[in-house]
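Visitor: Give the three-dimensional model of this entry:
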Amino acid sequence: MASVDRLTSTIRFYYEQAYSKRSWQFGLLLFGFLFHILVYIRYQFTVHFDEGKNTPDWQNEFEKIGHSEKIRRKLQQQEENKNKFLGIEKSKNQEKKDVERRFEIQRLNEISKMKKQYDDEVGENKQTYLRTTLDILDTWPGILISLILAWPMYIYLLVISVPTLHYIVNRLIMMIFVIVGVTVIVFTLLYLSPSDPAVNILGDQATEAQYQAFRELHGLNDSYVAQLARTIKGIFTFDLGNAFQGNERVVSSILRRFPVTIQLTLMALTLSLSIALPAGIYAAVKANATFDNLFMFIALIGISIPSFWQGLIFILVFSINLGWLPATYSVNNYLSLLMPAVVLGTGLMASVARMTRSSTLEVINEDYILTARAKGLSNRRVILRHAVPNALIPIVTIIGLQFGGMLGGASVTEKVFNINGIGSYIVDKQFVPDIPSVMGGVIYIAVVLSIVNMFVDVLYSFLDPRIRSRIQRGQQ
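Guide: All right, here's what the predicted structure looks like:
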C-alpha cells in the first residue's frame, strides 16, 4: 500500500511540474489524448455540479452578524463629535442622512470583504482541469486507466523529468532538422550540377530514347520540388531509393559496408588512444625534457604525413619487403586491418597526444594542484586523480571530432588498402554522380556526426559538474 501511495504521489508530482510549463502542456495533451478526453468529461461534470450550488445571500449574511446597530451607533457618535468640534449645527434629519450615507458605504465595504474571503476559501478548493487530472491520478484505478489510454504520456513524463534524457531527446530532435537541412543543400547542389547522370551511366553511345527511359525510370524528369520531397521522405522511411549504377538499394549498400568501417575505426581509435594518452600525460609531467621534445616532434610528423603516402610505405616495407602483413584487406584475415588502422590512427594519435600534453600542462599549474601536493599526495596520485580528470574536456572534444570523421569514412586509407568501406563508396559514387548513393552517404555522415557530437556533449556533463548543472537548469 505504501508503494502504491509513493507511485501515485510521484506521478502527481511530475505531472504537476510538467503541466506548470506551457511548452510541455501540449505534449501532455498530445500523448495522453484519449485519457484527457475522460478528464475533460469529468471536469465539465464537476464544474456544472459546483455551479448548481447556492451562492450565499450577502445582505442576509451581513444582517446575521448583528453589527448593523453597533456600526450605526458608532457612526452616530462620530458624527456628533465632529459637528460639536467644528461648531456645525445640523438638524436631526440631516444628521441621520449623513449617518445612513456613511453606514451604507461601510456596509458595502464589509460585504465586499466577506465576499472576497468567501471566494478565497472556495478558490482553494475550486475544481480546475489540473486538479481533476491529479484527483484521477491519485487513485490506483485512475493510474491503470491512464496507463492503458495514455502510455506514451508516461514516456513523455519520463523524458522531461530526467535532465540528461531530456537533453538527449532535444538533441535528437535538433538532429532531424540538421539532417533535413544538409539534405536540402546537398541535393540542390547536385540538382544544379551540369553533369547528366544518364549520359555518365549509359555512355556516349546510347540513344536519346535510352537516355529518356533512364531519366523516367529514376524520376529525373520530375520537378525539383518533387525530387527533393521524395528524398526527404526517404530519410524518414529509410528508403533512399536505388543506385543509378547496379540498381542496388542505397540503404543496403551502406549497411553492408558499415561493419568494416566500424571495425577499422574502432581499431584505429584503440591503437591511437593507448599510445597518445599516456605519452601526452608523461610529456606534460616531463615538460621540456628529452622525451617531451622527441615525442612532440614525432607527433608533428604524424600530423603532417599524408595518409596515402604512409599507406604505400607500409605496404612496401611490411608487405612486399618483409612479408609480415597482407597488402590489401581480406574479410577473413583480421591482420589485414592492422596497417590500415595504424595509418588511419596516426593523425588521431598525434592530435590527441598534443592536446593531452597542452591541456594537462595547463591544469598542473593550477592552485588546487599545488594544494594537493602541499597536502603530501604522491605525484602519481595528483596527476591521475586531480589533473587528468580536469584536463579531459578538450581531449574528449578532439577525440569526438576525429572519431566522427573516421566513422564518416576514411576514403584515402580505404582506397590504398582496397577496403570496400563507406568512404570509398561515397567517393566512387560522387564522380558519376550517382545522386541517390551520394545523398545516402551524406545523410549517413550527418547522422554519424550528430550522434557523436551528442554523445560527446553528454560525456561533458559527467566530466564537468558545471556543465551538468547547466543541463539540469536548462530543464527548469
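Visitor: Just want the most central residue of this structure.
Guide: The centroid of the chain falls nearest to Arg171 when counting by C-alpha atoms, centre = their mean (2.3 Å).
Visitor: Contact partners for it?
Guide: For Arg171, the contact set (C-beta atoms under 8 Å, 6 or more residues apart in numbering) comprises Ser450, Met454, Asp457. The C-beta positions use only the backbone N, C-alpha and C, and glycine is treated the same way.
Visitor: Confirm the last one sits in a helix?
Guide: In other words, Asp457. Yes - using DSSP: H, G, I helix; E, B strand; the rest coil, the assignment for Asp457 is a helix.
Visitor: who's in contact with it?
Guide: Under the criterion of C-beta under 8 Å, 6+ apart, the neighbours of Asp457 are Tyr167, Arg171.
Visitor: Out of the contacts of Arg171, which comes closest to Ser223?
Guide: Ser450 (29.4 Å; C-beta to C-beta).
Visitor: quick one: the residue nearest to Phe33 when sequence neighbours are not counted from Phe297, how far?
Guide: Of all residues not flanking Phe33 in the chain, Ala150 sits nearest, at 7.4 Å (C-beta to C-beta, 6 or more residues apart in numbering). Separation of Ala150 from Phe297 (C-beta to C-beta, to the nearest Å): 64 Å.
Visitor: who has more neighbours, those two?
Guide: Ala150 (22 against 10; other C-beta atoms under 10 Å).
Visitor: before we move on, back to that, which one of the contacts of Arg171 is nearest Leu190?
Guide: Taking C-beta to C-beta as the measure, Leu190 lies nearest Ser450 of those, at 21.1 Å.
Visitor: Which residue is the nearest non-sequential neighbour of that closest one?
Guide: Using C-beta to C-beta, 6+ apart, the nearest residue to Ser450 is Met175, at 4.1 Å.
Visitor: tell me the pLDDT at the one you found?
Guide: For Met175, the pLDDT comes out at 86.
Visitor: How much space separates it from Leu75?
Guide: 75 Å.
Visitor: Kindly report the same for Ile148.
Guide: 66 Å.
Visitor: between those two, who's got more neighbours?
Guide: Regarding Ile148 and Leu75, a neighbour count based on other C-beta under 10 Å identifies Leu75 as having more, with 18 against 10.
Visitor: Quick check: closest non-adjacent residue to Val448.
Guide: Per C-beta to C-beta, 6+ apart, closest to Val448 is Leu407, 4.7 Å.
Visitor: wait, isn't that neighbour in contact with Ile262?
Guide: Yes - the pair Leu407 / Ile262 is scored as a contact, 7.0 Å apart, by C-beta atoms under 8 Å.
Visitor: Which one's more surrounded, the two?
Guide: The neighbour comparison of Leu407 against Ile262 (other C-beta under 10 Å) goes to Leu407, with 24 against 14.
Visitor: Roughly how far does the more buried one sit from Ile105?
Guide: 81 Å.
Visitor: Ile254 now?
Guide: The value you get for Ile254 to Ile105, if C-beta to C-beta is used, is 84 Å.
Visitor: so where's this structure uncertain?
Guide: 1-5, 47-69, 85-87, 99, 111, 114-127, 408-409, 467-468, 470-476 (pLDDT under 70).
Visitor: try it again with 50
Guide: Scanning the chain for pLDDT under 50 picks out 52, 124, 475-476.
Visitor: can I see the domain layout of it?
Guide: 1-50+127-161, 58-125, 250-473 (the TED database).
Visitor: Comparing those domains, which comes out most buried?
Guide: domain 250-473 (a mean of 18; mean count of other C-beta atoms under 10 Å).
Visitor: roughly how far is it from the heart of the chain?
Guide: 24 Å (C-alpha atoms, centre = their mean, to the nearest Å).
Visitor: No further questions, thank you.
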